[in-house]
Each structure stands twice: as structure tokens, then as C-alpha cells.
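Chemist: predicted structure and sequence below. I'll ask about it afterward.
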Amino acid sequence: MRGFCELIDAIFDVVFPPICLSCETIVGENEKTLSLCTSCRSRLKTTSGFFCPACGRRLPAPHVPCHGGVQFVLAAPFFFEDPVIRKIIHLLKYSHIKRAAAPLAFFIVSYLQSITSIKDAGYDDFVMIPTPLHSSRERRRGFNQSLLIAQEMEKFSKILDGEHRLPNFRIEAGVLARVRKTAPQIKQSSRAARAENVRGCFAIRDASKIAGRNIFLVDDVFTSGATMGELARLLKTNGAKKIIAIVAAKA
Ligand SMILES: [Zn+2]
Ligand SMILES: [Zn+2]
């Protein structure tokens, strides 16, 4: 049976050879997992360390936001202006190419493993919560891209060996729900309008999974921070401890 499956895979690869998500050239055997060719991958520039979600400044350890009133720190391996990463995120969100989640998750996990050290700060155990979509949007897209990234992160965290060992984390989907549809954040004219637009749009479905826990809040992109801010506020109100917002790219 195994031989048969390998044969089918081989035929499939000849008919539909795997191509690089970024430049669309055919990728080699060792580039297939991430669907990214070596040349595009070598052009990527990863960030280091965590960021203050209010001002975007890089935070020195032990990662306390430089702005008061901010309830989480931001982890992002890339800037959204990076053309390769921007294209991969667009393919995932707007062209619904699910395999685009793998490279994003891979680079997030590698980046987290390069940071000294989340574990040393005494945070050993995290619950990973993907940012929920409104059910109508999820139906239209067919999936929640944040959940897909989180699932791939879980996979890579088990097989990647980095400089620093990661804390334990596992997905808790369904803890949060998006209960109200919101107008696009991009159409809001100010920071206050963006915060107002998302206020009350999420609800907790299972507070017992949050109280006293450290949280990895997963999304694809961080822009104004209004959505993450609203989620962090809700999670804190329900007893969450440390919150780290994890995205593939920050604006
Ligand atoms: Zn390429
Ligand atoms: Zn700041």
C-alpha cells in the first residue's frame, strides 16, 4: 500500500509539480515542505525579539511593554512590507491556498526558538488561541487562516530543534467566538474608531480554559492592534496571565 501511495505521489508531482509560493518556479525535493525555493527563502529578513504593540518598539528582555495600559506583547518574525511574506499571506487569505500556512508557521516557530527565552521568564505552559473569524466569513473562506497557522505551528514545534526550547503549547480552538460582524478596520479613520469598531465583537465560550493560563494569541498580520487589544482585554478580564500575540508579520 505504501509503495502504491508513493507511486501516486510521484505521478501527482509530475503532473502538478510543486511550485514556489513566491516566484512560482518548480521547487526541489528539500524545498517542498515550505513550498518556497531557496532563492526566495534567502531573501527573507527575520526580526528578533518581541515588540511593544502600542509603539512598535523592540522590547528588551524581560519583555515588558514600554507603554502603560498595554496588556500583551507582540511577537512577529517579519515586517509586512517584505514582498515574499506579503504574497504568501495574500495567497492564504484571499486565494485560499492552504499550503501557504506552512511556511508562515515554520518561520514563527524558528523565530520563537531564537528568542532568549520565553521559558526563562518562567512561562512554561501556553494555551494557543487562534483569532476567531465571524462564522459567515469562515464559511465563505472555507477555513480560519489563524487556526491553520496554529495547527502548523504545533506540527513544526515538535520537529524543529532551535537554539532555545519552546514552552509547551497546544491549541484551544472554540474558547473564543466572534459574535458580531465588523466593518473593515482599514475603513476606520482613527485609532479610536478602530478600537470602537471591534469593541464587544468577541465573546468567551469557555472561561475555564483561560483563567490562570498563559496565552499565545495567533493571527496572520498585526496592523493597528485594535483587534488584538480587544481580545487581550477580554482574556485579561477572564483571568488570563501572560499574553503573547503571535503573528507572521507586523505592519
Ligand atoms: Zn521562489
Ligand atoms: Zn511602546
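Modeler: Looks like it came in fine. Ligands and ions are numbered 1, 2, ... in the order given.

Chemist: quick one: contacts for residue 59?
Modeler: Residue 59 is in contact with 49-52, 65-66, 73, counting by C-beta atoms under 8 Å, 6 or more residues apart in numbering. Where C-beta positions appear, they are placed from N, C-alpha and C, glycine not excepted.

Chemist: check those one by one and keep those near ligand 2.
Modeler: With C-beta under 5 Å from the ion as the criterion, those include 52, 66 near ligand 2.

Chemist: drop anything exposed from the contacts of residue 59.
Modeler: Buried members of the contacts of residue 59, scored by 16 or more other C-beta atoms under 10 Å, are 49-52, 65, 73.

Chemist: export these to a markdown table and append columns for pLDDT and secondary structure.
Modeler: As requested, the buried ones among the contacts of residue 59 are exported to a markdown table (pLDDT from 0 to 100; DSSP: H, G, I helix; E, B strand; the rest coil):
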| residue | pLDDT | secondary structure |
| --- | --- | --- |
| 49 | 88 | coil |
| 50 | 92 | strand |
| 51 | 94 | strand |
| 52 | 95 | coil |
| 65 | 85 | coil |
| 73 | 93 | strand |
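
Chemist: max pairwise distance over those: which two?
Modeler: 49 and 65 (12.6 Å; C-beta to C-beta).

Chemist: thinking again about what came up before, dump the contacts of residue 59 to CSV, plus distance to residue 165.
Modeler: Supplementary listing: the contacts of residue 59 in CSV, determined by distance: C-beta to C-beta, whole Å:
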residue, distance to residue 165
49, 18
50, 17
51, 22
52, 25
65, 25
66, 27
73, 19
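
Chemist: how about the residues of the stretch 1-150 of the chain that lie near ligand 1?
Modeler: 20, 22-23, 37, 40.

Chemist: from those residues, which land in helices?
Modeler: Judged by DSSP state H, these include residue 40 as members of helices.

Chemist: now, the most widely separated pair of the residues of the stretch 1-150 of the chain next to ligand 1?
Modeler: Using C-beta to C-beta, these reach their maximum pairwise distance at 22 and 37, which is 7.4 Å.

Chemist: all strands of the protein, in order?
Modeler: 50-51, 58-59, 73-75, 78-79, 125-130, 168-171, 176-178, 202-204, 214-222, 243-250 (DSSP state E).

Chemist: and the second one, which strands flank it?
Modeler: Just to be clear, that refers to strand 58-59. If you go by DSSP bridges, strand 58-59 pairs up with strand 50-51 (antiparallel).

Chemist: against ligand 1, how distant is residue 206?
Modeler: Separation of residue 206 from ligand 1 (C-beta to the ion, to the nearest Å) stands at 42 Å.

Chemist: that residue: neighbour count?
Modeler: For residue 206, the count of nearby residues is 12 (other C-beta atoms under 10 Å).

Chemist: the chain should start at 309 in everything you say after this.
Modeler: With the count now opening at 309, the last piece we talked about shows up as residue 514.

Chemist: now do the contacts for it.
Modeler: By C-beta under 8 Å, 6+ apart, the neighbours of residue 514 are 480, 482-483.
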